[in-house]
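A.B. asks: test case, fold it:
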Amino acid sequence: MNTRTTGTRATNAGTPLVRESVSSQSRGRSTGWTGRFMLRRVVMLLCAGALVWSGWNVAMPHHAESATGAIPVVNYTVQPGDTLWSYARQVTPRGASVTDTVDELMELNNFESASLQPGQTILVPERA
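C.D. replies: Below you'll find the model as predicted:
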């Protein structure tokens, strides 16, 4: 029995030849229209979520807030022989770290190094 099968599948179980259609899934193809529709739906939902998230960040930006607020400062004129370390040691409260005071002075004055020049004016936190 010689039967041609192009796009259909022939079956014969001792009865007359019956031809049935072969679906795309039985041929090993990818998902049909419903699967593609669901994939598009998921992609569209993800894009919509990303758009809402980015819009929210633009509309409601986060602002940095200082926990300490403004600190009162005084000006100090550097004397001959002063170093940042020696001055920090004089103004550091008992029991506190001189290193922390040096770091604070460098940050407050935007220093890149701890070098001081006589006559230079530096900002110093006012201690009560």
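A.B. asks: count of residues packed around Y87?
C.D. replies: The number of residues packed near Y87 is 19, by other C-beta atoms under 10 Å. C-betas here are computed from N, CA, C, even on glycine.
A.B. asks: mind listing what it touches?
C.D. replies: Residues in contact with Y87 (C-beta atoms under 8 Å, 6 or more residues apart in numbering) are 76, 78, 105, 116, 124.
A.B. asks: switch to 10 Å and redo it
C.D. replies: With contact set as C-beta atoms under 10 Å, 6 or more residues apart in numbering, Y87 has these partners: 76, 78-79, 101-102, 105, 116, 122, 124.
A.B. asks: please flag which of these sit within strands.
C.D. replies: Applying DSSP state E to the contacts of Y87, the entries found in strands are 76, 122, 124.
A.B. asks: need the contact list for the first one.
C.D. replies: It refers to Y76. Contacts of Y76 (C-beta under 10 Å, 6+ apart): 82, 87, 91, 105, 116, 120-124.
A.B. asks: now do 6 Å
C.D. replies: 122, 124 (C-beta atoms under 6 Å, 6 or more residues apart in numbering).
A.B. asks: that one and E112: what is the separation?
C.D. replies: Y76 is 19 Å from E112, where distance means C-beta to C-beta, to the nearest Å.
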